[in-house]
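*Asks:* The sequence isn't on hand, but the structure is:
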């Protein structure tokens, strides 16, 4: 959006190379077992893994979604990468760093939302 639709940032980002990482947040869903719906018999149509018959559009693709589970929301991330460009170790390290950063954001949000005691 910043590259294609924002008039302030678009021209600046257009001067840069095309991104090598694709990020898709698919949304937040009830877990099928807990919802009043379930996946169709063709549930593989909603598969988040890449089609092995298609060429990759990016060196790394991250598809993420949130499922509401009995113990609370759970973020799932599906990482697909071009093995000729990236190693499994490099992608694993990036994924672990990404999740640590998300955990830090959640921890900070919890701190900011914690009630404080009033003193006189």
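*Replies:* Looks like it arrived, so ask away. Keep in mind it's a predicted model, so treat the numbers as computed, not measured.
*Asks:* what are the ranges of the helices in the chain?
*Replies:* Ranges of helices within the chain are 10-14, 88-113, based on DSSP state H.
*Asks:* Of those, which is nearest residue 65?
*Replies:* Evaluated over the helices of the chain, closeness to residue 65 peaks at helix 88-113, with 13.8 Å, by Cβ to Cβ. Glycine gets a C-beta too; all of them are placed from N, C-alpha and C.
*Asks:* Tell me the buried residues in that closest one?
*Replies:* 91, 94 (16 or more other Cβ atoms under 10 Å).
*Asks:* a markdown table please, covering the helices of the chain and showing mean pLDDT.
*Replies:* Listed next are these as a markdown table, based on pLDDT from 0 to 100:
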| stretch | mean pLDDT |
| --- | --- |
| helix 10-14 | 94 |
| helix 88-113 | 95 |
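*Asks:* closest one to residue 31 among those helices?
*Replies:* When the helices of the chain are compared by Cβ to Cβ, helix 88-113 sits nearest residue 31, at 19.9 Å.
*Asks:* How much space separates the closest residue to residue 69 other than its chain neighbours from residue 76?
*Replies:* Ranked by Cβ to Cβ, 6 or more residues apart in numbering and with sequence neighbours excluded, the top spatial neighbour of residue 69 is residue 31, at 5.3 Å. According to Cβ to Cβ, to the nearest Å, residue 31 and residue 76 sit 11 Å apart.
*Asks:* shared neighbours, these two?
*Replies:* Both residue 31 and residue 76 are in contact with residue 67, where contact means Cβ atoms under 8 Å, 6 or more residues apart in numbering.
*Asks:* Quick check: residue 77 vs residue 16, distance?
*Replies:* Residue 77 is 25 Å from residue 16, where distance means Cβ to Cβ.
*Asks:* For the two, work out which one has more neighbours and name it.
*Replies:* Taking neighbours as other Cβ atoms under 10 Å, residue 77 and residue 16 compare with residue 77 leading, 15 against 8.
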